[in-house]
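In: below are the sequence and a predicted model for it; my questions follow.
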Amino acid sequence: MYGELIMEFAHHKVHFLNSFFHRQLMTKGYDGVKRWTKQVDLFSKSLLLVPIHLEVHWCLVTADIIKKKICLYDSQGNALQKVARNILKYLMVEAKEKKQTYFESGWVVSYDEIIPQQTNENDCGVFVLEYSGRLALEKPLQFSQKDIPKIRKRIYKELCDCKLHEQG
């Protein structure tokens with residue numbers, strides 16, 4: 001639901017994939033997820049946001065469609081790099097299937113983003129949502145662990161109000 005709020009606030013220039021997307025992609029392959037974007041032209045968006053659930057941890061993979069760049073955002077700094085490569089492989093197949101030849105190659109994968117890090121074991125989901133909102137709105141990733149209680153309350157209010165509020 002929060003992803004839908006982000007897409008709406010960003011005027012649908014951003015697409016937020018379902019949190020089950022990556023797991024389904026890994027277990028069923030492209031055929032298991034191709035219908036998920038049947039009504040969406042991912043390559044007409046500026047940014048894709050893919051929340052990734054790794055057993056007991058969340059991270060985020062983004063695809064900047066314009067720059068053809070995949071980035072991994074992990075608030076603990078230890079997510080597997082193959083997660084980003086999985087999304088890259090998916091996008092290359094999606095481009096081929098949807099006859100978007102320009103997007104079939106030339107992608108770059110980046111892991112070296114200096115980003116806010118969590119200092120506990122239970123705030124990764126809040127970090128992923130905050131990364132997502134700020135990246136979608138082209139805001140700097142300037143927050144820290146000490147901001148998380150306030151961010152958590154803001155996200156709760158946004159979910160209750162069914163709309164995003166300005167982020168700092």
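Out: Thanks, I have it.

In: what helix or strand is residue 33 located in?
Out: helix 30-33 (DSSP states H and E).

In: got the contact list for that helix?
Out: 21, 24-25, 90, 93-94, 97 (C-beta atoms under 8 Å, 6 or more residues apart in numbering). From N, CA and C alone the C-beta is placed, and that goes for glycine too.

In: looking at these, state which has the most neighbours.
Out: residue 90 (25 neighbours; other C-beta atoms under 10 Å).

In: nearest spatial neighbour of it, chain-adjacent residues omitted?
Out: residue 25 (5.8 Å; C-beta to C-beta, 6 or more residues apart in numbering).

In: confirm that the one you found sits in a strand.
Out: No - using DSSP: H, G, I helix; E, B strand; the rest coil, the assignment for residue 25 is helix, not a strand.

In: turn the contacts of helix 30-33 into a markdown table, columns for pLDDT and secondary structure.
Out: Listed next are those as a markdown table, based on pLDDT from 0 to 100; DSSP: H, G, I helix; E, B strand; the rest coil:
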| residue | pLDDT | secondary structure |
| --- | --- | --- |
| 21 | 91 | helix |
| 24 | 90 | helix |
| 25 | 92 | helix |
| 90 | 93 | helix |
| 93 | 92 | helix |
| 94 | 91 | helix |
| 97 | 88 | helix |
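
In: mind listing what the most centrally placed residue in the chain touches?
Out: The chain has residue 49 as the residue nearest its centroid, 2.4 Å off, counting by C-alpha atoms, centre = their mean. Contact partners of residue 49, counting by C-beta under 8 Å, 6+ apart, are 3, 6, 14-17, 60, 62, 132, 135-136.

In: thank you, goodbye.
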